[in-house]
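# Just to be clear, the model below is a prediction. Sequence and coordinates:
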Amino acid sequence: SNQPMIAPSILSADFARLADEISAVGGEPGKRADWLHVDVMDAHFVPNLTLGLPVVESILKTTDIPIDCHLMIEDPDRWAPGYAEAGAHNVTVHVEAAKDPINLAKDLRAAGAKAGLAIKPGTNFDDYVEVLKHYDTLLVMSVEPGFGGQKFMAEVLGKARRARELVDTGHLKLLVEIDGGINADTIEQAAEAGVDCFVAGSAVYNAEDPAKAIEALRATAAP
Ligand code: DX5
Ligand code: ZN
């Protein structure tokens with residue numbers, strides 16, 4: 001892992017002022033989001049509903065920050081490639097929902113996106129090492145997906161550590177991302193486990209100055 005990446009999640013932003021909330025994290029280099037994390041929820045895979053492809057298309061028009069779509073939806077095999085075709089930089093699907101994750105990764109890459117695979121806190125990592133050979137990003141969930149502002153589950157860090165080890169030994173070529181409960185108190189232990197990219201929703205958007213919060217998180221995660 002090189003420079004830690006910070007991906008603010010707009011789940012904790014004010015959806016009625018989305019363009020302003022996005023430009024608040026798109027400013028000066030040191031305070032700028034590396035990726036903008038967009039949580040798509042369908043009220044079936046998770047018990048919450050957020051936004052879908054039309055909103056993502058509008059977001060893509062309003063910013064040049066690379067868009068990181070986290071799809072918490074059923075049947076991603078059917079819906080995820082549309083987000084890649086729209087121009088999302090990274091499209092992450094849940095392994096618990098994907099019917100044919102290897103083929104889906106190929107579809108996402110063919111549409112020009114990086115392919116991400118997310119695993120819920122209770123999902124085993126080692127079962128998916130072969131599948132992950134087809135992916136660019138592993139998203140380790142450190143809360144149960146569905147809501148922002150939940151408590152960080154440190155017990156998932158073993159999975160991040162194991163992924164880091166397989167990347168460092170050349171068995172996998174993945175960016176290791178973590179999502180849920182990342183803040184000034186928890187980011188250091190995640191960085192220590194070898195995470196490359198840190199999603200932060202409430203820690204960025206509930207801060208008085210989101211840009212400063214990004215800068216502080218990055219500094220705390222830096223080795
Ligand atoms: C939860 C989402 C997260 C959420 C994280 O299901 O996937 O991206 O926005 O929010 P915080 O950082 O507040 O835990
Ligand atoms: Zn997310």
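The structure has been received and is ready for your questions. Ligands and ions are numbered 1, 2, ... in the order given.
# so what's residue 147 up against?
Contacts for residue 147 (CB atoms under 8 Å, 6 or more residues apart in numbering) come out as residue 48. C-betas here are computed from N, CA, C, even on glycine.
# what does the protein put close to ligand 1?
Contact residues (CB under 6 Å from any ligand atom) of the chain with ligand 1: 9, 11-12, 37, 39, 70, 143, 145-150, 179-182, 199-203.
# again, only using 5 Å
9, 11, 39, 145, 148-149, 179-181, 199-202 (CB under 5 Å from any ligand atom).
# Return the distance of the residue of the chain at minimum distance from ligand 1 relative to residue 75.
Shortest the chain-to-ligand 1 distance, computed as CB to the nearest ligand atom: residue-wise this is residue 201, at 2.9 Å. Distance of residue 201 to residue 75, computed by CB to CB, to the nearest Å: 25 Å.
# Neighbour count: those two, which is higher?
residue 201 (25 against 15; other CB atoms under 10 Å).
# Grab the nearest non-local neighbour of the more buried one.
Excluding the flanking residues, the one nearest residue 201 by CB to CB, 6 or more residues apart in numbering is residue 9, at 3.5 Å.
# Could you count how many residues lie near residue 115?
Neighbourhood size, residue 115 [other CB under 10 Å]: 25.
# any residues touching the helix or strand where residue 61 lies, and which ones?
Using DSSP states H and E, residue 61 sits in helix 53-62. Contacts with helix 53-62, where a contact means CB under 8 Å, 6+ apart, come from 10, 18-19, 22, 36, 38, 40, 67, 69, 79, 82-83, 86-88.
# mean confidence score for the strand or helix carrying residue 164?
Per DSSP H and E: residue 164 is located in helix 157-168. Averaged over helix 157-168, pLDDT sits at 98.
# C-terminal to it, what's the next element?
Helix 157-168 is succeeded, C-terminally, by strand 175-179 (DSSP H and E).
# elements contacting whatever helix or strand comes next after that next one?
Next along the chain after strand 175-179, taking DSSP H and E as the criterion, comes helix 187-192. The contact analysis (3 or more CB pairs under 8 Å, 6 or more residues apart in numbering; DSSP states H and E) places helix 187-192 against helix 157-168, strand 197-200, helix 210-221.
# Apply 6 Å and report the result again.
Packed against helix 187-192 by the contact rule (3 or more CB pairs under 6 Å, 6 or more residues apart in numbering; DSSP states H and E) you find helix 210-221.
# Spell out which parts of this structure neighbour ligand 2.
39, 70, 179 (CB under 5 Å from the ion).
# Need the nearest residue in space to the last one, chain neighbours excluded.
Put plainly, it is residue 179. Nearest residue to residue 179 in three dimensions, chain neighbours excluded: residue 199, at 4.0 Å (CB to CB, 6+ apart).
# Next: residue 177.
residue 197 (4.1 Å).
# Contacts made by the helix or strand hosting residue 204 with the rest, please.
Assigning secondary structure by DSSP H and E places residue 204 in helix 202-205. Helix 202-205 is contacted by residues 8, 12-13, 148-149, 183, 210, 213 when judged by CB atoms under 6 Å, 6 or more residues apart in numbering.
# what is the rounded mean pLDDT of it?
For helix 202-205, mean pLDDT rounds to 98.
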